[in-house]
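Student: Sharing a model that was predicted from the sequence below.
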Amino acid sequence: MSIRATFSLLKRLSCFSIQPNPKLDTQATVSMISKDFQRPLLLLLDWDGTLTTTTTLPLIASIATLPTIHPKLAALSNAYAEDFKAHDANYRPAKQDRVTIAQELHYLNSLHSVENISIERIEASGIFKDVWTGDIETAAADVVENGSIILRNGWARLVELVQSSQCTGKVGIVSVAWSRRFIFHVLALYGRMEGGADVHAGDVEIRANEIEGDASGRLERCLGNGRGIWTAGDKVEVMDGLVDAFMVVESGEVDGGVDRQPMVIYIGDSTTDLACLLKAEVGICVRDKPLGEEQRGLKETLERIGVACLHVGEFVKQGQDVGGEGGRNRLWWATDFHEVCESGILGR
């Protein structure tokens, strides 16, 4: 989920809705992985709206005032919306005239200036002043316990499958959200709640923005040139780094340095995920019924720039060969992670 969608959502929120935490089906189905499958998997997921069913940014931004939304968030949301509206009004080509992948990716990267101003505004507001690392960990425990955050159905099954010895895979999270510490603790706590699901949260590579966790109220810039993970281009840069790191580890461990280029699968829900979805060998869009605002925006964008998107259930029917030159001409979609596991798209 993009930061833009989160601020849009904040306008409509006056309190947090506490929902029951459903029991998820976590039984792994490792039989999907063929014995002939030699290449390891690198599964990368977006966080908000993909691994989670809703945005978590309002929770993070309100750590100092939970369980209520921080009183400064409405003004921050309105200011962001105005900046975004002004940027869109002046950008050319306009939305309806962007009909190629290159045009759309250039537009998405142009949003860096809007995101940078927003981050500086958030820091100046002081909403994260005196928010310490312990506060972040406590907030993660609280929202898991009260059901404010729900992970998408089938998440444990998918992570366990990729981390299994038969898959020799790695799982990573690439997010524009805050914070790495929060994401880790939510994932670890959910893993313990899943009734024996063999999910190794400590083995999940988390790349997200971070709160400094001190009296300054500043947000970390984890990329070069004073940047955080803010745009589609930032996310694909992080993805490339994770692929390179995976290759370094694998090349020294298997068959005396035989090329172990992983099969990269990326799962996301918004246009901020577009560059990663297109660059991965397998790009999967999350689509709820009915579609959420960001999901609908991604669907409409794909249609406008001419990228087909088929349900993962069509994979086996069409006898698809996953691999090759990435997903620039075709993506897939699924409602939950059970559909991904059962589609055959993870194996051969």
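Tutor: Thanks, I have the structure now.

Student: Pairing partners for the residue nearest to residue 242 when sequence neighbours are not counted in the sheet, please.
Tutor: In space, and not counting its chain neighbours, residue 242 is closest to residue 172: 5.1 Å by Cβ to Cβ, 6 or more residues apart in numbering. C-betas here are computed from N, CA, C, even on glycine. As for beta bridges, residue 172 partners with residue 44, residue 205 under DSSP bridges.

Student: pretty sure residue 172 is touching residue 44, no?
Tutor: Yes. Between residue 172 and residue 44 there is a contact at 4.7 Å, judged by Cβ atoms under 8 Å.

Student: Between these two, which contacts overlap?
Tutor: residue 242 (Cβ atoms under 8 Å, 6 or more residues apart in numbering).

Student: show me where the stretch 201-348 of the chain has helices.
Tutor: 232-251, 274-279, 293-305, 314-317, 337-342 (DSSP state H, counting those that start in this stretch).

Student: So for the fourth one, mean pLDDT?
Tutor: Put plainly, it is helix 314-317. Mean pLDDT, computed over helix 314-317, is 76.

Student: List the buried residues of stretch 88-102.
Tutor: Within stretch 88-102, the residues scored as buried using 16 or more other Cβ atoms under 10 Å are 98, 101.

Student: what's the first-to-last distance across it?
Tutor: For stretch 88-102, the first and last residues are 17 Å from each other (Cα to Cα, to the nearest Å).

Student: Surely residue 76 and residue 123 touch.
Tutor: No. The criterion here is Cβ under 8 Å, and residue 76 misses it with residue 123 at 10.8 Å.

Student: and the residue nearest the centre of the chain, what is it in contact with?
Tutor: For the chain, residue 46 is the residue whose C-alpha lies nearest the centre (Cα atoms, centre = their mean; 0.9 Å). Neighbouring residues of residue 46 by Cβ under 8 Å, 6+ apart: 1, 173-175, 267-270, 272-273.

Student: same check, this time on residue 238
Tutor: Residue 238 neighbours (Cβ under 8 Å, 6+ apart): 174, 207, 223, 229.
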